[in-house]
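Trainee: need a structure here:
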Amino acid sequence: MIVFNNMRHIKFVGLLIACFAMSSCMEDFLTQNPSTSLGDDEVVESLADFDYIVNGVYHKMNHRYYYSGDIGVFGAIRGDGYYSTQTNNQFSPVGRFDTPPNSHFTEGYWRKMYESIGAVNRALAKKEEVPADERGEEWEQMVGELYGLRALIHFDLVRIYADLPSYNTSGPGVVIADEVKPNDFKPVRATVKEVYDFILADFDRALDYLQVDVARNGGGMGISAAKALKARVQLYLNNDQAALQLAKEVIETTSVSLEGTASYVGAWAKDNGPGNLFAVVSNSRFNAQRNSVGYYTMPDTYEEVFPTEAEVAFIQADANDVRKDVIVTTNLGGTEYVHLNKFAGRAGLVYENPIQVIRLAEVYLIAAEAAVKSGNQAEAIKYYNALRANRIVDYVDVASVSLEDVLDERRREFTGENHRYFDLMRNGLEFFVPNNGAKPVNNSVGWNLLAIPQSEMDATNGSLEQNAYYKN
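Mentor: The predicted structure follows:
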């Protein structure tokens, strides 16, 4: 059995912690000689060295501008069920769709994700430096993780900076970063279709290499995570048969099980959360501090992501549904706070939460949604009932399932996570966002997309196209 030490990255952080920290634009963090990074003259002398590099990529995703912070709850604050109770503006502008070219949010997400891709590409460029006698299954697993991470990060970029493919595939997507670029590289946005084609191809490359079902004790990209994430991408593309087939493969082969009604709520405080396939793991030393998902969602903090009364009523409508208990009421100093309790932290540290990138419950709901959309009621009913039987005490199977049923179930299962906004948008639904007032949100408004950062527009001398809403 292959075992990976998920703490090895701590040693490598000395090499990567400052990587790209002083970079001024995309050319810097995708090209051969960034100002501070793993240099091209650094030699990988062993498989252990290569593992440090791979762990360094995961470390980059544990950041305020990525999964451990804003991106972990991006879909919640831009959805229809969460709002900011205070005026700290640590994250609430994102929920107001206040993300113009000069916003630190647009800059931060773009920079952090492309820094992460740059780290992936440098690692892939070093893979053949591992001694030949050490390039066995563990080496293949690490290479597969890198391709899978590159696919995931491109996906995270294209779904916030570009139209979703269910709405428009011919418009500008994001820059495809498939290799370490030459120093005179001038980035150009590929089309949405080209980016999604690249994402699917990278997941295929990952699956050619990956060796283990769940990697790095749930803190890495394994076979099930890669297949599940590819299924999610296929669902975004309305490739429903492909999404269903991939989801079924994961459900039938993974060693991970759904948490049952007795253990689901408690699982949020254990290990990497319920039914985890891949989570970005933080700890007491490496976390997003006061811009962590815990600090956004727990009481007497920034209170940036709190459930509305309507969301609470929806989640707690069924007394037999154990998911009602992920929203709780806490009394602090005589003030009662109604809040999400999924990200309460570990060992008393509200900053320390594993953020699930993909979990098994989503795979069941991908299967159910894809089956509904492809007219396969038998499969839709099978996977819909299977999940609900593990969430609702004394559950009675339903005999039919609609798309509305599946989207409602996704709302219950993923309340407060990074899903609701994308679920509504990719299905072409119009909705209202509490932080955004009376302006309806849909795919055509333009301001639903983040602007391309102005610093990138300036530094690339016009090679990047700005999103249409922000051109004037």
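
Trainee: give me the distance between the two termini of stretch 160-169.
Mentor: 14 Å (Cα to Cα, to the nearest Å).

Trainee: in it, which residues are buried?
Mentor: By 16 or more other Cβ atoms under 10 Å, the buried positions in stretch 160-169 come out as Ile160, Tyr161, Ala162, Asp163, Leu164, Pro165, Tyr167, Asn168, Thr169. Placement of C-beta: from N, CA and C, glycine included.

Trainee: what about the nearest residue to the first one once chain neighbours are set aside, how many residues close to it?
Mentor: Computed as Cβ to Cβ, 6 or more residues apart in numbering, the closest residue to Ile160 that is not its neighbour in sequence is Leu450, at 5.2 Å. Per other Cβ atoms under 10 Å, the neighbour tally for Leu450 reads 24.

Trainee: also Gln377?
Mentor: 14.

Trainee: tell me the pLDDT at the spatially closest residue to it that is not a sequence neighbour?
Mentor: Among residues not flanking Gln377 along the chain, Ser400 sits closest, at 6.3 Å (Cβ to Cβ, 6+ apart). Ser400 carries a pLDDT value of 98.

Trainee: ok, now His9?
Mentor: 33.

Trainee: can you check Asn183 too?
Mentor: You'll see Asn183 listed with a pLDDT of 81.

Trainee: repeat for Thr87
Mentor: 89.

Trainee: one step back: is it true that the residue nearest to Ile160 touches Arg159?
Mentor: No: applying Cβ atoms under 8 Å, one finds Leu450 not in contact with Arg159, separated by 10.2 Å.

Trainee: need the helices for the stretch 151-300 of the chain, in chain order.
Mentor: All helices of the stretch 151-300 of the chain, identified by DSSP state H, counting those that start in this stretch, fall at 192-209, 223-236, 240-253, 264-267, 293-297.

Trainee: following the chain onward from the last one, which element is next?
Mentor: So that's helix 293-297. Using DSSP states H and E, the next helix or strand after helix 293-297 towards the C-terminus is strand 306-307.

Trainee: what mean pLDDT does that next one get?
Mentor: Here the average pLDDT along strand 306-307 is 98.

Trainee: can you list contacts of that strand?
Mentor: With contact meaning Cβ atoms under 8 Å, 6 or more residues apart in numbering, strand 306-307 is reached by 81-85, 297, 315, 327, 337-340, 415-416.

Trainee: switch to 10 Å and redo it
Mentor: Contact with strand 306-307 is made by 76-77, 81-86, 296-299, 312-316, 326-327, 337-340, 415-416, 434, as judged by Cβ atoms under 10 Å, 6 or more residues apart in numbering.

Trainee: just the buried members of the residues you listed?
Mentor: 76-77, 81-84, 296-299, 312, 314-316, 326-327, 337-340, 415-416, 434.

Trainee: tell me which residues of stretch 126-144 are tucked away?
Mentor: Buried-residue list, stretch 126-144, by 16+ other Cβ under 10 Å: Lys126, Lys127, Val130, Arg135, Glu138, Trp139, Glu140, Gln141, Met142, Val143, Gly144.

Trainee: mind checking which of these land in helices?
Mentor: Using DSSP state H, the subset of the buried residues of stretch 126-144 located in helices is Lys126, Glu138, Trp139, Glu140, Gln141, Met142, Val143, Gly144.

Trainee: my guess is the first one contacts Val44. True?
Mentor: Yes: taking contact to mean Cβ atoms under 10 Å, the distance of 4.7 Å between Lys126 and Val44 places them in contact.

Trainee: ok, back up a step: the residue nearest to Gln377: neighbour count?
Mentor: Ser400, neighbours per other Cβ under 10 Å, totals 10.

Trainee: does it touch Ile381 like I think?
Mentor: Yes: contact criterion Cβ under 10 Å: Ser400 and Ile381 qualify, at 6.9 Å.

Trainee: between these two, what contacts are shared?
Mentor: Val372.

Trainee: so how far is stretch 212-220 from its chain's centroid?
Mentor: 16 Å (Cα atoms, centre = their mean, to the nearest Å).

Trainee: mean confidence for it?
Mentor: Per-residue scores along stretch 212-220 average to 97.

Trainee: strands along this structure, start to end?
Mentor: Ranges of strands in the chain, per DSSP state E, are 82-83, 276-280, 306-307, 327-332, 335-340, 355-359, 431-432, 440-441.

Trainee: export these to a markdown table and tack on distance to Ala215?
Mentor: Putting the strands of the chain into a markdown table (distance: least, Cβ to Cβ, whole Å) gives the following:
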| stretch | distance to Ala215 |
| --- | --- |
| strand 82-83 | 31 |
| strand 276-280 | 8 |
| strand 306-307 | 33 |
| strand 327-332 | 32 |
| strand 335-340 | 28 |
| strand 355-359 | 12 |
| strand 431-432 | 36 |
| strand 440-441 | 36 |
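
Trainee: in space, not sequence, find me the middle residue of the protein.
Mentor: Val357 (4.7 Å; Cα atoms, centre = their mean).

Trainee: tell me the spacing between the nearest residue to it once chain neighbours are set aside and Gln234.
Mentor: The shortest distance from Val357 to any non-neighbouring residue, by Cβ to Cβ, 6+ apart, is to Phe278 (4.7 Å). Per Cβ to Cβ, to the nearest Å, Phe278 is found 17 Å from Gln234.

Trainee: who has more neighbours, those two?
Mentor: Using other Cβ under 10 Å, the more surrounded residue of Phe278 and Gln234 is Phe278, with 28 against 23.

Trainee: need the contact list for Ala226.
Mentor: Neighbours of Ala226 in contact, by Cβ under 10 Å, 6+ apart: 144-145, 147-149, 151-152, 202-207, 209-210, 215, 246, 250, 277-278, 358.

Trainee: relative to Ala177, how far out is it?
Mentor: Counting by Cβ to Cβ - Ala226 and Ala177 are separated by 19 Å.

Trainee: check Glu309 too.
Mentor: In terms of Cβ to Cβ, Glu309 sits 43 Å off from Ala177.

Trainee: and what of Thr301?
Mentor: 35 Å.

Trainee: swap in Pro165?
Mentor: 19 Å.

Trainee: please apply the same query to Phe414.
Mentor: 29 Å.

Trainee: then Glu259?
Mentor: Following Cβ to Cβ, the distance that separates Glu259 from Ala177 is 37 Å.

Trainee: what's the answer for Phe155, then?
Mentor: 13 Å.

Trainee: repeat that for Val188.
Mentor: When Val188 is compared with Ala177 (using Cβ to Cβ), they lie 11 Å apart.

Trainee: next up, the contacts around Thr87.
Mentor: Going by Cβ under 10 Å, 6+ apart, the list of residues near Thr87 reads Glu303.

Trainee: how much space between it and Ser263?
Mentor: In terms of Cβ to Cβ, Thr87 sits 38 Å off from Ser263.

Trainee: Gly144 too?
Mentor: Taken as Cβ to Cβ, the span from Gly144 to Ser263 is 31 Å.

Trainee: show me where the stretch 351-472 of the chain has helices.
Mentor: 360-373, 377-389, 403-413, 420-426, 454-459.
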